[in-house]
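*Asks:* Provided below for reference: sequence and predicted model.
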Amino acid sequence: MPTRAPTFKPAHQRTTAQRRQDFDRSRADAPWRRWYGTARWQKLRTHQLSLHPLCEWCLESEIVAPATEVHHTDGGHKGDEEKFWTGPFVSTCKPCHSSRGQREDHGQKVVVFGADGWPL
């Protein structure tokens, strides 16, 4: 049975999930993606987590959570090798890295709330 050719849709007609998938696919071949698998990065990551073992973003809201991820702050490295290796870095938990970290990487505004519920 012949398969149907995919239908082209302009970007503005694609769903958010489809646009995100295209974005992720375009980044998958980026050379800097391989740097995360190097022994150098693993050593740097371990060092960062040993210096700051708690999620620094959770601590802003007086929540104590172990850090499991290392995030490039100040807008990320954007493929700049020097910035990739030198940082600055922040230790985060998985939920913070997946939400706040991704928003920062995509240039979206991040509103942070303190323990009292008011924006910081």
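*Replies:* That came in fine, so what should we check first? Just so we're clear, the structure is a prediction, and the values are computed from it rather than from any experiment.
*Asks:* For the rest of this, base every contact and every neighbour count on C-alpha atoms.
*Replies:* OK.
*Asks:* so which strand or helix has the closest residue to Tyr36 other than its chain neighbours?
*Replies:* Once flanking residues are discounted, Tyr36 sits nearest to Gln42: 7.4 Å by Cα to Cα, 6 or more residues apart in numbering. Assigned by DSSP states H and E, Gln42 belongs to helix 39-51.
*Asks:* What's the local residue count around Gly117?
*Replies:* Per other Cα atoms under 10 Å, the neighbour tally for Gly117 reads 9.
*Asks:* hang on, I meant Trp57
*Replies:* Trp57: 21 neighbours (other Cα under 10 Å).
*Asks:* Please report phi then psi for it.
*Replies:* With angles defined as degrees, to the nearest 10, Trp57 sits at phi -80, psi -40.
*Asks:* Tell me the spacing between it and Thr15.
*Replies:* Going from Trp57 to Thr15 by Cα to Cα, to the nearest Å gives 30 Å.
*Asks:* Kindly report the same for Lys94.
*Replies:* In terms of Cα to Cα, Lys94 sits 26 Å off from Thr15.
*Asks:* Between the two, which has more neighbouring residues?
*Replies:* Applying other Cα under 10 Å to Lys94 and Thr15 shows that Lys94 carries more neighbours, namely 16 against 11.
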